[in-house]
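> next comes the sequence, and after it the predicted model I'd like to discuss.
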Amino acid sequence: MSSSRQHPCTQQLGRRTAWILLFLCVSPSGFADLVISDGSDGPFAPTGSQTIVLDNVAPDGVFNFTTIHIPPGVTIRFARNTLNTPVFFAATGDVLIEGTIDLSGANFDLSPGPGGWWGGPGSPNAAGTAGAGPAGGGGGPVTTNQGNAGGGGGMATAGLRATSRTGSNPAPGGPAVVRPSMAPGWTGGGGSGGGGGGGRLFFGVDIPGGGGGGAGGALQISSPGTVTVTGTLRANGGHGSWAFANVFAHGGPGGGGSGGHVEIYGAAIVIADTAQFEARGGAGGGLSTEPVPNDPFYFSSGAHGGLGYILLMADVVAMDPNATLDGVVIAVGCSLADLDESGAIDFGDAGLLMACVLGPDVTVGPECERCDFFQDGDVDLAEIGVLQLCFGGSAR
């Protein structure tokens, strides 16, 4: 994982560089969009790797399974639907991921994963185009010397600005943004694209810039049972494309797309030592005279995409310390919803919460401060969403 800035509500932990957000730092967006399976799609237990064409089977992105089992050695990928929605894998029973689910953006391409945003095109001899999404990397500005690089897309952490292989005015990376909401049938929910590099005219010859990397997509897995991950969940941003270069001049490389967005909801979440959660930003592009595909980060402009989000929402989250989590991880427990301290989330807690629900941006008094789970000064649908997810379960 690469990042030069730490989120103000995070701390580093784990075998590799992982990130954890405490409960009070969780963005209130997204809780109302939890998909509950009706089981109509039956069990999902593929025997071989496949690419699921979402327009053919899930135009709104939603799958209603009974159980889910991705066996070892099996990789599931997706062709985006027309709406470019996230993917919702909802189940009525337990979920076991031993293989891989991959929603990454394409490398050296503008294309994002499902629900992610596109990278910006590079320009033949003018400014590059900014990446799409809420925090797309900037396009490389017009230059009179070497081509300016595009910026990395932002998500949970900011995208970066190029530090090499660029003219003197590389584009800024996209800012860090709050965790986006996922909704069936709605575009977005994933990361932001990298900006395209600017080109230049050299003695009448176009020196093109590279395109920005597409962002990592968005995946929600939900079950009222146990979700166990021993394999890989991947939503990485795509690498920016390299710029044309000769011995005299070069265009600006594209910025990397940001990491995407993975959410897991369950009564219990079990993450084994072999589990890998990947929501990394892609590398900024390099130059056509270098072997960029051999090592994209080594030959990069430095305009990497920001990290994506990983949300773990359960009554119990059991995580092996050797698991690998590359992203900003939000671990949400249910203990704060046990308002009457009975050890369970039940109607007693619901009554206490509802007495304090005044709506967004309405400041609560001291008697309701404990109901303000997000410490944003109000008690609204965000808190109700947490209570709904935890209702009927132990608060421990």
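It's in.

> need the distance between the two termini of stretch 100-114.
Terminal residues of stretch 100-114 are spaced 16 Å apart (Cα to Cα, to the nearest Å).

> buried residues in it?
By neighbour count on 16 or more other Cβ atoms under 10 Å, the buried set for stretch 100-114 is 100-114. C-betas here are computed from N, CA, C, even on glycine.

> among those, name the ones in strands.
Members of those lying in strands (criterion: DSSP state E): T100, I101, D102.

> so what's the last one up against?
The contact partners of D102, by Cβ atoms under 8 Å, 6 or more residues apart in numbering, come to T75, I76, R77, G113, T232, R234, A235.

> for the first one, give its distance to P43.
For T75, the distance to P43 equals 19 Å [Cβ to Cβ, to the nearest Å].

> out of those two, which sits in the busier spot?
Shown here are T75 and P43; by other Cβ atoms under 10 Å, T75 has more neighbours (17 against 13).

> and the more buried one, bridged to which residues?
T100 (DSSP bridges).

> what helices and strands are in contact with the one helix or strand L311 maps to?
For L311, the host element (DSSP states H and E) is strand 309-319. Using 3 or more Cβ pairs under 8 Å, 6 or more residues apart in numbering; DSSP states H and E, the elements in contact with strand 309-319 are strand 261-271, strand 328-332.

> go again with 10 Å.
For strand 309-319, the elements it packs on are strand 18-21, strand 218-222, strand 226-229, strand 261-271, strand 276-278, strand 324-326, strand 328-332, helix 381-390, judged by 3 or more Cβ pairs under 10 Å, 6 or more residues apart in numbering; DSSP states H and E.

> winner for burial among the ones you listed?
strand 218-222 (a mean of 26; mean count of other Cβ atoms under 10 Å).

> tell me which strands that strand pairs with, and in which orientation.
Assessed with DSSP bridges, strand 218-222 is paired to strand 87-91 (parallel), strand 261-271 (parallel).

> check which element follows the shortest one along the chain.
Past strand 87-91, heading to the C-terminal end, the next element that is a helix or strand (DSSP H and E) is strand 95-97.

> do you know how far A272 is from N107?
From A272 to N107 the distance is 28 Å (Cβ to Cβ).

> span of stretch 149-162 from start to end?
First-to-last residue span, stretch 149-162, Cα to Cα: 6 Å.

> same question for stretch 115-132.
Termini of stretch 115-132 sit 12 Å apart (Cα to Cα).

> low-confidence ranges in the stretch 1-150 of the chain?
Along the stretch 1-150 of the chain, the model assigns pLDDT under 70 to residues 1-33.

> what does the stretch 251-396 of the chain give?
332-333, 374-375, 389, 392-396.

> try 50
396 (pLDDT under 50).

> how about the most far-flung residue of the chain relative to its centre, what does it touch?
What lies farthest from the middle of the chain is F203; by Cα atoms, centre = their mean that is 42.7 Å. Applying Cβ atoms under 10 Å, 6 or more residues apart in numbering to F203 gives the contacts F248, A249.
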